[in-house]
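Asks: Generate coordinates for the sequence data below:
(one chain, ligands or ions: 2)
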Amino acid sequence: MPSFSSSLSRPSYCSRTSSPFLSNHSSLINGDPRRSLSFLPASPQGLNLDELCVRSQRKSVQSSVAARDGASATKSIPADELIGGLLSIPSQEAAKVATEPHGGGDKSTVSITVVGASGDLAKKKIFPALFALYYEGCLPEHFTIYGYARSKMTDGELRDMVSKTLTCRIDKRANCGEKMEEFLKRCFYHTGQYDSQEHFVALDKKLKEHEGGRCSNRLFYLSIPPNIFVDAVKCASSSASSVNGWTRVIVEKPFGRDSKTSAALTKSLKQYLKEDQIFRIDHYLGKELVENLSVLRFSNLIFEPLWSRQYIQNVQFIFSENFGTEGRGGYFDHYGIIRDIMQNHLLQILALFAMETPVSLDAEDIRNEKVKVLRSMRPIELEDVVVGQYKSTTKGGVTYPGYTDDKTVPKDSLTPTFAAAALFIDNARWDGVPFLMKAGKALHTRSAEIRVQFRHVPGNLYNRSSGTNHDRTTNELVIRVQPDEGIYLKINNKVPGLGMRLDQSNLNLLYSARYSKEIPDAYERLLLDAIEGERRLFIRSDELDAAWALFTPLLKEIEEKKTIPESYPYGSRGPVGAHYLAARHNVQWGDLSDQ
Ligand SMILES: NC(=O)C1=CN([C@@H]2O[C@H](COP(=O)(O)OP(=O)(O)OC[C@H]3O[C@@H](n4cnc5c(N)ncnc54)[C@H](OP(=O)(O)O)[C@@H]3O)[C@@H](O)[C@H]2O)C=CC1
Ligand SMILES: O=C1O[C@H](COP(=O)(O)O)[C@@H](O)[C@H](O)[C@H]1O
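Replies: Numbers count the residues shown, from 1 in each chain. Ligands and ions are numbered 1, 2, ... in the order given. Alright, predicted model coming up:
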């Protein structure tokens with residue numbers, strides 16, 4: 001098979017040079033192919049690490065920043081703003097940085113602080129993703145990981161906790177134990193309050209010890225409840241920012257619960273951080289098949305010409321989980337499925353799916369196109385939405401709890417655990433095409449997929465000759481995000497034999513059959529991107545504003561009218577209302593007819 005890999009010497013697993021996105025980005029946008037080799041900071045201004053560390057002494061650098069309206073503008077930004085609010089590099093350190101020769105990644109460090117390290121997400125996703133990156137050789141030579149939380153823990157206890165969550169890649173178990181040991185030795189813990197400058201100053205001191213006078217880059221991952229985001233950012237930025245490299249903060253969702261609260265959060269964060277330091281994570285954008293969506297469309301001649309109202313009858317974004325809110329009812333009840341899944345994960349995929357061809361594969365060009373799609377969306381009508389809530393059911397002698405059986409959920413809660421909606425994009429490409437979304441918890445299966453149903457063949461010859469209505473069996477392209485990642489295209493074919501019977505079959509790219517490699521977790525990709533300063537898969541503030549502008553009026557209406565969700569049994573296919581909704585738009589849910 002032809003290989004698209006470049007000869008750059010980054011480990012092949014984490015090298016995204018085979019991706020058109022990164023090859024363009026690293027070599028053309030930053031103009032410095034070394035960035036992908038040595039973890040030089042991906043500053044938007046195209047400086048390499050050596051330059052940034054030295055120039056930060058001079059108080060001012062030229063920085064090309066993405067303007068909020070998406071246009072790129074070059075303006076002068078004081079270096080102290082650029083690097084996170086502090087500029088107190090000791091002169092010996094500065095001199096050291098300035099006199100070191102260019103070209104090596106070995107004089108920079110990356111310190112990753114997981115804020116909220118004792119929590120569920122940190123254990124489940126962040127530490128395992130960091131280990132996977134280390135295991136595959138994707139982390140820079142000098143890196144340190146700090147867990148930060150209020151819980152009292154020693155370094156050893158953190159390592160114990162983390163070690164329980166680590167797994168090895170299926171295809172490389174050989175020296176896994178050794179790698180784990182090495183990784184754990186790079187993990188440390190600091191106990192502190194999220195609003196204590198003093199505790200962050202102490203963290204800073206420890207980080208500096210590990211950084212050993214090298215040019216330091218710092219990444220903070222806010223894996224804490226949203227009500228303490230701003231406190232933690234305030235303390236991290238003013239007491240533990242890097243003084244000579246970059247400082248970035250990954251912020252987990254929820255980013256507010258409506259336009260107003262989201263804008264307030266953004267405003268507060270921007271008191272302490274520049275937009276280009278904020279990495280708003282939507283982990284669905286880090287999923288392999290979501291990444292592949294643009295590749296599929298823009299690098300295959302056969303798809304892009306079909307990508308419009310002319311050939312596509314409807315598009316479906318389906319998310320389903322076969323478990324309830326177990327353990328997260330308190331959080332969930334405040335948000336509901338529309339905020340938890342639709343306004344972010346599904347809408348982000350929709351925007352990627354429907355955007356116009358970006359000018360380039362640069363983050364700003366892609367995000368500009370996504371924003372345009374979001375701004376072109378028609379306000380969502382309540383009548384185009386169905387909400388549901390799961391109820392208890394007993395199957396095979398086992399009783400599954402209803403949503404309101406969760407002790408952390410009020411008995412009279414109207415929070416939807418299921419929603420289906422028809423959305424429209426009022427632009428020339430998509431005029432009149434229903435974009436259906438469906439998301440639910442406690443359904444019969446766990447899956448996430450994108451379904452593209454094409455129009456019927458005009459004047460289908462086989463309708464006439466066989467007397468069968470083949471208009472029902474249109475082509476359908478399915479991108480199965482999870483599980484069993486794959487892409488398949490439903491086509492019509494003749495059943496072999498002397499007669500003329502038509503059948504529908506799948507042209508199937510099943511990843512597990514095609515590739516022996518394990519698919520990386522979304523958090524691995526996103527953490528690596530944040531370390532590299534690649535913003536393409538993170539949400540820019542204007543994207544977030546547009547997403548909330550679309551959903552806020554609907555959410556308000558649902559809440560004000562106290563819309564009663566339709567009940568559905570735990571483990572079922574969801575409320576029947578979803579079928580009527582689809583039928584009103586002349587659509588059948590593909591996941592139901594595809595069993
Ligand atoms: N868990 C998941 O699957 C997902 C989580 N997220 C988001 O990621 C973030 C972290 O999630 P998760 O790990 O589940 O959260 P947790 O509830 O587990 O909280 C993480 C840590 O924050 C501290 N904490 C919890 N509540 C408070 C509080 N009221 N005040 C101060 N500190 C508190 C605790 O650490 P300590 O007491 O030691 O300080 C806790 O271990 C949240 O924003 C969540 O919405 C997003 C997607 C999925
Ligand atoms: O963001 C969230 O996502 C998870 C589902 O993520 P997945 O990668 O396991 O599909 C969902 O369970 C959770 O409610 C939501 O907050």
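Asks: The residue of the stretch 51-200 of the chain found nearest ligand 2 - how many residues pack around it?
Replies: Here the residue of the stretch 51-200 of the chain nearest ligand 2 is residue 125; by C-beta to the nearest ligand atom that distance is 8.7 Å. All C-beta atoms are positioned from the backbone trio N, CA, C, and that covers glycine. Residues contacting residue 125 under the criterion other C-beta atoms under 10 Å number 20.
Asks: just residue 312 next, same as before
Replies: Residue 312, neighbours per other C-beta under 10 Å, totals 20.
Asks: And residue 431, by the same measure?
Replies: 12.
Asks: what about the closest residue to it other than its chain neighbours, distance to ligand 2?
Replies: Nearest residue to residue 431, sequence neighbours excluded (C-beta to C-beta, 6 or more residues apart in numbering): residue 309, at 5.6 Å. Going from residue 309 to ligand 2 by C-beta to the nearest ligand atom, to the nearest Å gives 30 Å.
Asks: phi, psi of the nearest residue to the residue of the stretch 51-200 of the chain closest to ligand 2 once chain neighbours are set aside?
Replies: Spatial nearest neighbour of residue 125, excluding adjacent residues (C-beta to C-beta, 6+ apart): residue 523 at 4.6 Å. With angles defined as degrees, to the nearest 10, residue 523 sits at phi -70, psi -30.
Asks: try residue 316
Replies: Dihedral angles (degrees, to the nearest 10) for residue 316: phi -120, psi 140.
Asks: The one 10 residues further on now?
Replies: In this entry, residue 326 is assigned phi and psi values of phi -30, psi 120 (degrees, to the nearest 10).
Asks: That one: what's it in contact with?
Replies: residue 406 (C-beta atoms under 8 Å, 6 or more residues apart in numbering).
Asks: change it to 10 Å
Replies: By C-beta atoms under 10 Å, 6 or more residues apart in numbering, the residues touching residue 326 are 332, 401, 406, 441-442.
Asks: ditto for residue 494
Replies: Applying C-beta under 10 Å, 6+ apart, the residues near residue 494 are 462, 500-503.
Asks: now with 8 Å?
Replies: By C-beta under 8 Å, 6+ apart, the neighbours of residue 494 are 500-503.
Asks: That one and residue 456, how far apart?
Replies: Noted for residue 494: a distance of 18 Å to residue 456, by C-beta to C-beta, to the nearest Å.
Asks: and what of residue 357?
Replies: 27 Å.
Asks: Run the chain-centre distance for stretch 263-270.
Replies: Put simply, stretch 263-270 sits 20 Å off its chain's centre (C-alpha atoms, centre = their mean, to the nearest Å).
Asks: ok, and for it, which residues are buried?
Replies: Residues 263, 265-266, 269 are the ones in stretch 263-270 that count as buried (16 or more other C-beta atoms under 10 Å).
Asks: partners of the host helix or strand of residue 478, with directions?
Replies: Assessed by DSSP states H and E, residue 478 sits inside strand 476-482. As defined by DSSP bridges, the strand partners of strand 476-482 come to strand 447-454 (antiparallel), strand 486-494 (antiparallel).
Asks: Using TSV, please lay out the ones you listed together with distance to ligand 1 and mean pLDDT.
Replies: Formatted as TSV, these follow (distance: least, C-beta to the nearest ligand atom, whole Å; pLDDT from 0 to 100):
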stretch	distance to ligand 1	mean pLDDT
strand 447-454	14	98
strand 486-494	24	95
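Asks: hey, which of those strands is tucked in deepest?
Replies: strand 447-454 (a mean of 20; mean count of other C-beta atoms under 10 Å).
Asks: hang on, the earlier thing: could you list every residue that touches the residue nearest to residue 125?
Replies: Contacts of residue 523 by C-beta under 8 Å, 6+ apart are 125-126, 128-129, 283, 286.
Asks: Which one (most neighbours) among those residues?
Replies: Busiest of the contacts of residue 523 [other C-beta under 10 Å] is residue 126, holding 25 neighbours.
Asks: Could you list everything the closest residue to that one other than its chain neighbours pairs with in the sheet?
Replies: In space, and not counting its chain neighbours, residue 126 is closest to residue 114: 5.4 Å by C-beta to C-beta, 6+ apart. With DSSP bridges applied, residue 114 shows beta-bridge pairing to residue 147, residue 221.
Asks: looking at it, residue 114 is touching residue 232, isn't it?
Replies: No: in this structure residue 114 lies outside contact range of residue 232 using C-beta atoms under 8 Å: 11.4 Å.
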